[in-house]
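A.B. asks: Compute the structure for the input listed below.
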Amino acid sequence: MKPIFLIGYMGCGKSTLGRNVARMTGLQFIDLDNFIEARFHASVKEIFASRGEEGFRDIERRMLIETSDFQDVIVACGGGTPCFFDNMEIMNSKGVTVYLDASLEKLHTRLMRGRHKRPLIAGMESEQLREFIVKALESRMPYYSKASMVFRSDLLENEAEVGETASRFISQLGLTAKESDI
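C.D. replies: Next up is the predicted model:
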């Protein structure tokens, strides 16, 4: 089976949903940032610091091309991955792209809660973060809108919601759940 690429803004649930769908279907889960970090033995933050954004985006594109040749995988892309080079065209030609669409309220709540883990937004106050999200989504929607399909990802707040949302995703994409997860 061709790869499934999860795209969307940070906090939309790409890793949470991807991990659970992979567990329920037997697909391999790849977080593109983690894949890069393992390959380069450095964190994304360190790569940005040493090579700049241009250097990171070049690495990201090369790793995206590599993972696009894998079979039976679900790939959680970084929020900016679709916005550079011809990355959306690569993903759309090699697999299925799914834009995880979370409401502004959900994104804001999730990112406020976990902002200390994200250097880009760590020091932001609530209203500042809300404005940041709105502006970022506005600039990224032309890329996100090229996805093969849109999937609503608001309901990922607890184990029950994650399970139900993963089941809905599996059904919507015509995937097969493992016997133990039916």
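A.B. asks: Check which element follows the biggest strand by length in the chain along the chain.
C.D. replies: Counting residues, the longest strand found in the chain (DSSP state E) is strand 96-101. Later in the chain than strand 96-101, the nearest helix or strand by DSSP states H and E is helix 104-114.
A.B. asks: outside of that next one, which residues touch it?
C.D. replies: The contact list for helix 104-114, computed with C-beta atoms under 8 Å, 6 or more residues apart in numbering, reads 9-12, 102, 118, 121, 126, 129-130, 133-134, 137, 153-154. For every residue, glycine as well, the C-beta is placed using N, CA and C.
A.B. asks: Name the residues of the helix ranked longest in the chain that are buried.
C.D. replies: Assignment by DSSP state H gives helix 44-68 as the longest helix of the chain. Residues 44, 47, 48, 56, 57, 59, 60, 61, 63, 64, 67, 68 are the ones in helix 44-68 that count as buried (16 or more other C-beta atoms under 10 Å).
A.B. asks: Am I right that the last one is in contact with residue 95?
C.D. replies: Yes. Between residue 68 and residue 95 there is a contact under C-beta atoms under 8 Å: 6.4 Å.
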